[in-house]
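Colleague: Got a predicted structure plus its sequence, pasted below:
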Amino acid sequence: MLVNMKEMLREAEARKIAVGGFNCATLESARAAVAAAEAMNMPFILQHAEVHEEYIPLELAGPIMVTLAQNAKVPVCVHLDHGSSLEYVTRALRLGFTSVMYDASGKSFEENAAETATVVRMAHAVGATVEAELGNMPHNLKGEMELSEYKPEDFYTVPEDAKKFVDLTGVDALAISFGTVHGVYKATPKLNFDIVRKVRQAVGELPLVMHGGSGLSQEDYHTAIACGIRKINYYTYEAMAGGRGTYQVVKDKPEGLQFHDVAMKATEFMTEDVKRAIRLFMGEKV
Ligand code: 13P
């Protein structure tokens, strides 16, 4: 069933758990997320990230994601991840996305708030929900950056700004920065949960979003959720599980290998990884 993220995040708040936002950089990752969520009987958010345009363009990903969501046995929100322009967000909404993230976190507070408010008006007019980001999260998509090369505190969300931003924009969810990074962790991340607690105090029950959500310890997931994180964006370590599945088939059958066997095994490995993530997000010990 295709839905926006409002109801599933409300339910997550009531149950004190987090909903997974799983990226769809390939057909296999999208199908793995659907299969895992159906197996766990949990609603989830299927995301297309603008930075994944080189793997799958929005106009191709959108119809695939909407079809998967419509046919899924659990509620699925089709969400744009890190949309960087009003033009790209508009294209997603026209394709039937039920939710969008507009990311102007690299701009000034005033520009971020004003542009996000415009996106909220556009999206709410068609029944879609909106996530925005305050504080700026470093990207380590190719895994080339050491955590020691930057100071996480330079990127943290300022809790005092959060309430003002939410009041000015009317967003449905807010991504905050407290020590996670997108991509591969080359050193154990140190998360500042005080930031999450303070933002939560400032904005009440507005769902808070953790990006860079794969590759953390069980304890970090559970503490982040206890502090008020209600949506966790998860991709890199799922993709690496797909890589391990691929390696296994290639290693077992180096000659005469057919690609659909690779795709099937990668999907199987990613499905298991997403199931584990969903269990963690539900507060289970795995
Ligand atoms: P990871 O790829 O680091 O898990 O982060 C996903 C994410 O935050 C997408 O917005």
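Modeller: Ah, there it is. Residues are numbered from 1 along each chain as shown.
Colleague: In the stretch 51-200 of the chain, what residue spans correspond to helices?
Modeller: 58-71, 86-94, 109-125, 159-169, 193-203 (DSSP state H, counting those that start in this stretch).
Colleague: By residue count, which strand of the protein is the longest?
Modeller: When the chain is parsed with DSSP state E, its longest strand is strand 76-83.
Colleague: Mind checking if that strand is in reach of the ligand?
Modeller: Yes - counting by CB under 6 Å from any ligand atom, the ligand has neighbours in strand 76-83: 81-82. Every residue, glycine included, has its C-beta placed from N, CA and C.
Colleague: in its sheet, what does that strand sit against?
Modeller: Applying DSSP bridges, strand 76-83 is found paired with strand 2-3 (parallel), strand 44-49 (parallel), strand 99-102 (parallel).
Colleague: isn't Thr80 right next to Glu50, touching?
Modeller: To be clear, residue 80 is Leu; Thr isn't right here. Yes - judged on CB atoms under 8 Å, Leu80 makes contact with Glu50 at a distance of 7.3 Å.
Colleague: Could you list the residues of the stretch 101-250 of the chain in contact with the ligand?
Modeller: Residues of the stretch 101-250 of the chain lying close to the ligand by CB under 6 Å from any ligand atom are 182-183, 211-214, 233-236.
Colleague: Could you save these as JSON lines and add columns showing neighbour count?
Modeller: Output for those, formatted as JSON lines (neighbours: other CB atoms under 10 Å):
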{"residue": "His182", "neighbour count": "19"}
{"residue": "Gly183", "neighbour count": "19"}
{"residue": "His211", "neighbour count": "24"}
{"residue": "Gly212", "neighbour count": "24"}
{"residue": "Gly213", "neighbour count": "27"}
{"residue": "Ser214", "neighbour count": "25"}
{"residue": "Asn233", "neighbour count": "26"}
{"residue": "Tyr234", "neighbour count": "29"}
{"residue": "Tyr235", "neighbour count": "26"}
{"residue": "Thr236", "neighbour count": "20"}
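Colleague: related to what we said a few turns ago, kindly reformat the strands paired with strand 76-83 as TSV containing mean neighbour count and distance to Glu111.
Modeller: Converted to TSV, the strands paired with strand 76-83 look like this (neighbours: other CB atoms under 10 Å; distance: least, CB to CB, whole Å):
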stretch	mean neighbour count	distance to Glu111
strand 2-3	19	31
strand 44-49	29	22
strand 99-102	28	12
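Colleague: okay if I get those as JSON lines plus mean pLDDT?
Modeller: Converted to JSON lines, the strands paired with strand 76-83 look like this (pLDDT from 0 to 100):
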{"stretch": "strand 2-3", "mean pLDDT": "98"}
{"stretch": "strand 44-49", "mean pLDDT": "98"}
{"stretch": "strand 99-102", "mean pLDDT": "98"}
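Colleague: The ones you listed: which one's closest to Leu174?
Modeller: Closest to Leu174 of these, according to CB to CB: strand 99-102, at 10.2 Å.
Colleague: follow-up on the earlier one: who touches both of Leu80 and Glu50?
Modeller: 58, 88 (CB atoms under 8 Å, 6 or more residues apart in numbering).
Colleague: list the contacts for the residue nearest to Tyr88 when sequence neighbours are not counted?
Modeller: In space, Tyr88 comes closest to Glu50 once its chain neighbours are excluded; the distance is 5.9 Å by CB to CB, 6 or more residues apart in numbering. With contact taken as CB under 8 Å, 6+ apart, Glu50 is in contact with 58, 80-84, 88.
Colleague: Could you do Ala25 as well?
Modeller: With CB under 8 Å, 6+ apart, Ala25 has these contacts: 49, 52, 55-56, 235, 239.
Colleague: Can you say which helix or strand has it in it?
Modeller: Using DSSP states H and E, Ala25 is not contained in any helix or strand.
Colleague: where's Phe109 relative to Leu208, distance?
Modeller: Distance, Phe109 to Leu208, using CB to CB, to the nearest Å: 18 Å.
Colleague: Ignore what I typed, I meant Ala128.
Modeller: Distance from Ala128 to Leu208, by CB to CB: 19 Å.
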